[in-house]
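Participant: Structure for this input, please:
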Amino acid sequence: MRVVLVYKEQTDYARDVATFLRDFSTQTGHTIETIDPDSPAGIDFCTAYDIVEYPTLIAIADDGSMQNTWSGLPLPTVMEISFYV
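Facilitator: Reported below is the predicted structural model:
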């Protein structure tokens with residue numbers, strides 16, 4: 001299972017995202033993969049999982065199926081996401 005965070009860096013919510021990523025890493029010892037939705041890979045990823053709002057956290061099973069998704073602010077708690085890593 002993997003968790004991916006889709007967001008744009010040059011936005012008003014980028015600081016909230018950076019704080020969340022730091023807190024998640026500190027509290028769990030795991031990192032969350034990030035994707036820029038404007039990159040070629042990000043465009044493909046967002047199209048495949050129908051992501052149209054940022055930031056979006058998505059939990060993906062090993063077979064590629066979406067397990068859960070959280071869109072917009074506020075971001076979910078570290079405890080909510082740690083179940084998926």
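Participant: N68 belongs to a strand, doesn't it?
Facilitator: Yes: per DSSP: H, G, I helix; E, B strand; the rest coil, N68 lies within a strand segment.
Participant: nearest residue to it other than its sequence neighbours?
Facilitator: Closest residue to N68 apart from its sequence neighbours, by Cβ to Cβ, 6 or more residues apart in numbering: A59 at 4.5 Å. Heads up, the C-betas are built off the backbone N, CA and C, glycines and all.
Participant: Could you look up the SS state of the one you found?
Facilitator: Applying three-state DSSP: A59 is strand.
Participant: Bridge partners for it, pull those for me.
Facilitator: Bridge pairing for A59 (DSSP bridges) gives the partners V3, N68.
Participant: give me the number of residues near it?
Facilitator: For A59, the count of nearby residues is 19 (other Cβ atoms under 10 Å).
Participant: Quick check: it touching V3?
Facilitator: Yes: counting by Cβ atoms under 8 Å, A59 does reach V3; the two are 5.2 Å apart.
Participant: Can you check which residues contact both of the two?
Facilitator: Both A59 and V3 are in contact with 81, 84, where contact means Cβ atoms under 8 Å, 6 or more residues apart in numbering.
Participant: pLDDT score assigned to the residue nearest to N68?
Facilitator: Looking at A59, its pLDDT stands at 97.
Participant: Alright, that wraps it up for me.
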